[in-house]
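S.K.: next input, structure requested:
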Amino acid sequence: MEARDYQKSILETAKNSNTLVVLPTGTGKTLIAFLLTKHYLETQPKKKVLFLAPTRPLVEQHYDFFKSNLPELYAEIEIFTGKVESNARKNLWQTANIIFSTPQCIANDLKKRKIDLDDVSLLIEDEAHRCLKSYDYNVVARKFLEMQSPDKRILAMTASPGSDSLTINEICKNLGIEKIEMRNRDSEDVKPHLKELSTEIEKVELPEELVRASTSIKEIYQKKIDELKNRSLFFGPPTKRTLLDLQARLIRQISTDKTNFNALRGMSVCAQAIKLSHAIELIETQGVSSAHKYLQKIIDDANKGTSKAAKQITTHPSFMQAYTELTKILGSKEHPKMDRLKEVIQREIADNPKARFIIFGQFRNTVSMINKMINKIPGINSKIFVGQMKKDDTGLSQKEQHEVLQEFRDREINVLTSTSIGEEGLDLPEVNCVIFYEPIPSAIRTIQRTGRTARLHAGKLIVLLTKKTRDESSHLISARREKKMYKVLGEMKHTMDRVDDSPGKEIKLSDFMKSEETHEDNN
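M.R.: Modelled structure (predicted):
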């Protein structure tokens, strides 16, 4: 393995400072971690390296990489997951040189005093954008930073830490970050190692039937938003994120004052608005069967009396108009994205019969429909890749997930139809084309999805977008947030580099926030 120039440069920074590394997916963050681990084992042979990753498959992936690339007998390498009993972990900890683990295992063992971090010289945290709030990454990092050792280091890695100053600053603060090393696809030292990535936006029109159904739901939705505003409970743009924030705030108010009738009523109205917002999203961006299934569930919940919000919603004539509109076309019509997706796949496979694809969708029901539809296309062999089973839902066990990924690596299948589980960290092979069934407003997730292609060969990103729906705003928001992320990171890097020459000076959030907005609309 030959390190590239940017990897060598980042490695030198990481040897001397707690470093946040922001690199596009597929550009070699793991190799930097590998080389830094070797450096610490060689310079501090009596110390340990602790490598954390958020999921068991990702932990195993990193473990396998190190195991296959380190010389035999170079170090004792152990893997900790929930499958390894805590007392066994305690014994393994004593003799191991490198430990790969989920953060939950280490946090639990620290709380039970089965292990301590005194003899750990290097802590590596992958997918560091998770280092927020009470996530166990922060429990481990806090304990590690409490150690009074000048030689200890933290290496944090991610493809995207978020797009606003407040979030990135929280991550850096939680990890004691002293330096930021970031690159994107256009960075001069990265660009030569990546292939051309072309982007195509496939736009479709929403059929009249779905427009009518959406309009009917929007009428009720707007009434709920107006009521929340009239009760002085809700301010700002009505979005899924702001509604969820309001719901959390009302729960806190009611828990301390159960006689706050304005908050109690607001809680009911907010719950209705959240359901209606989700219904609009399904109608406009997913398809007839997904939306009809959700509206049917609202009706069933209302009839069973299991949801007061559902009961309130179904009393509106406009709700039943939308339900009737969808029922009329159920089975005979789907969202136009489905037909366009079929056309795209047929076109791409005709141009390159050996092409491999990853199709990302937000919802399991949509992913299942896509998988069923494209498997009818000659030359296509697709399987779904989703998380573990949830209540009243389908899912894959971790063993089944491993099997699907291996089939994709072995080219037994050429399409992976995936939910968000396929975005983060997994060692997936190079694909020719990544397809978004819908745009997503998250810069983090967009960057991770896109990074699945254009590494070793030219790649293509295709985004399906429904005109005059939230698809349009999601696409614009994601692009704006990605641009803003690199701007914020650049300002923070400059600030950290500047104060590096002033020992003891504390980096303040105000140093780099300036005109940055700390809260954004999440559409």
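S.K.: from here on, just use CA atoms for contacts and neighbour counts.
M.R.: Noted.
S.K.: all helices of the stretch 401-523 of the chain, in order?
M.R.: 443-450, 470-499, 509-513 (DSSP state H, counting those that start in this stretch).
S.K.: deepest of these, which one?
M.R.: helix 443-450 (a mean of 21; mean count of other Cα atoms under 10 Å).
S.K.: the bottom helix or strand of the chain by mean pLDDT?
M.R.: helix 509-513 (a mean of 46; mean pLDDT, DSSP states H and E).
S.K.: of all the helices of the stretch 401-523 of the chain, which lies closest to residue 129?
M.R.: Nearest to residue 129 among the helices of the stretch 401-523 of the chain is helix 443-450 (8.3 Å), distances taken as Cα to Cα.
S.K.: elements contacting the closest one?
M.R.: Contact analysis of helix 443-450 by 3 or more Cα pairs under 8 Å, 6 or more residues apart in numbering; DSSP states H and E lists helix 470-499 as its packing neighbours.
S.K.: run the last query once more with 10 Å
M.R.: strand 357-360, strand 433-436, strand 459-466, helix 470-499 (3 or more Cα pairs under 10 Å, 6 or more residues apart in numbering; DSSP states H and E).
S.K.: so residue 239 sits against residue 275, correct?
M.R.: No - counting by Cα atoms under 10 Å, residue 239 stays clear of residue 275, with 11.9 Å between them.
S.K.: for the helices and strands packed on helix 443-450, give me CSV that also has mean pLDDT and distance to residue 228.
M.R.: Below are these laid out as CSV (pLDDT from 0 to 100; distance: least, Cα to Cα, whole Å):
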stretch, mean pLDDT, distance to residue 228
strand 357-360, 96, 35
strand 433-436, 96, 34
strand 459-466, 96, 29
helix 470-499, 91, 22
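S.K.: just send those back as TSV, with distance to residue 200 too.
M.R.: Listed next are the helices and strands packed on helix 443-450 as TSV, based on distance: least, Cα to Cα, whole Å:
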stretch	distance to residue 200
strand 357-360	14
strand 433-436	10
strand 459-466	5
helix 470-499	12
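S.K.: list the contacts of the residue nearest the centre of the chain.
M.R.: The centroid of the chain falls nearest to residue 445 when counting by Cα atoms, centre = their mean (4.7 Å). Neighbouring residues of residue 445 by Cα atoms under 10 Å, 6 or more residues apart in numbering: 159-160, 162, 420, 423-424, 451, 478.
S.K.: looking at these, which gets the smallest pLDDT?
M.R.: The lowest pLDDT within the contacts of residue 445 belongs to residue 424, with 75.
S.K.: just to revisit the earlier point, which one, of the helices and strands packed on helix 443-450, ends up nearest to residue 68?
M.R.: strand 357-360 (27.1 Å).
S.K.: got the CA coordinates for the helix or strand just after the closest one in CSV?
M.R.: Once the chain leaves strand 357-360, the next helix or strand it forms, by DSSP states H and E, is helix 364-374. The C-alpha coordinates for helix 364-374 follow below in CSV (Å, rounded to 0.1, in the frame of the first residue of the first chain):
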residue,chain,number,x,y,z
ARG,A,364,-38.4,0.4,2.7
ASN,A,365,-41.7,0.1,0.9
THR,A,366,-40.4,2.1,-2.0
VAL,A,367,-37.1,0.1,-2.1
SER,A,368,-39.1,-3.1,-2.2
MET,A,369,-41.2,-1.8,-5.1
ILE,A,370,-38.1,-0.6,-7.0
ASN,A,371,-36.4,-4.0,-6.5
LYS,A,372,-39.5,-5.9,-7.8
MET,A,373,-39.8,-3.6,-10.8
ILE,A,374,-36.2,-3.6,-12.0
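S.K.: outside of helix 364-374, which residues touch it?
M.R.: 282, 286-287, 289-290, 293, 337-339, 341-343, 345-346, 359-361, 380-387, 393-395, 415-420, 437.
S.K.: per-domain residue ranges of the protein.
M.R.: 5-185, 195-205+335-471, 208-329 (automatic domain parsing).
S.K.: need those domains in JSON lines (columns: distance to residue 494).
M.R.: Putting the domains of the chain into JSON lines (distance: least, Cα to Cα, whole Å) gives the following:
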{"stretch": "domain 5-185", "distance to residue 494": "9"}
{"stretch": "domain 195-205+335-471", "distance to residue 494": "22"}
{"stretch": "domain 208-329", "distance to residue 494": "31"}
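S.K.: residue 486: which of those domains is closest?
M.R.: Closest among the domains of the chain, using Cα to Cα: domain 5-185, at 7.9 Å.
S.K.: measure the closest one end to end?
M.R.: End-to-end distance for domain 5-185: 15 Å, by Cα to Cα, to the nearest Å.
S.K.: chain center to that domain: distance?
M.R.: 19 Å (Cα atoms, centre = their mean, to the nearest Å).
S.K.: same check on stretch 442-452?
M.R.: 8 Å.
S.K.: tell me the average confidence for stretch 16-33?
M.R.: pLDDT averaged over stretch 16-33 gives 93.
S.K.: look up how far residue 121 lies from residue 334.
M.R.: Taking Cα to Cα, one finds residue 334 at 56 Å from residue 121.
S.K.: count of residues packed around residue 88?
M.R.: 10 (other Cα atoms under 10 Å).
S.K.: quick one: name whatever helix or strand follows the strand or helix carrying it.
M.R.: Per DSSP H and E: residue 88 is located in helix 86-95. Next along the chain after helix 86-95, taking DSSP H and E as the criterion, comes strand 98-101.
S.K.: other SSEs contacting that following strand?
M.R.: Against strand 98-101 (3+ Cα pairs under 10 Å, 6+ apart) you get strand 48-52, helix 56-69, strand 77-80, helix 86-95, strand 120-125.
S.K.: for residue 204, find the nearest of those.
M.R.: That would be helix 56-69 among the helices and strands packed on strand 98-101, by Cα to Cα, at 36.5 Å.
S.K.: which other residues reach that closest one?
M.R.: Against helix 56-69 from outside (Cα under 10 Å, 6+ apart): 1, 30-31, 33-34, 37, 51-53, 55, 74-83, 98-102, 126-127, 398-399, 401-402, 424-427.
S.K.: do a quick rundown of the strands in the stretch 101-250 of the chain.
M.R.: 120-125, 153-158, 179-182, 197-204 (DSSP state E, counting those that start in this stretch).
S.K.: present the ones you listed as CSV; the columns should include mean pLDDT and distance to residue 267.
M.R.: Output for the strands of the stretch 101-250 of the chain, formatted as CSV (pLDDT from 0 to 100; distance: least, Cα to Cα, whole Å):
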stretch, mean pLDDT, distance to residue 267
strand 120-125, 97, 38
strand 153-158, 97, 37
strand 179-182, 96, 42
strand 197-204, 95, 36
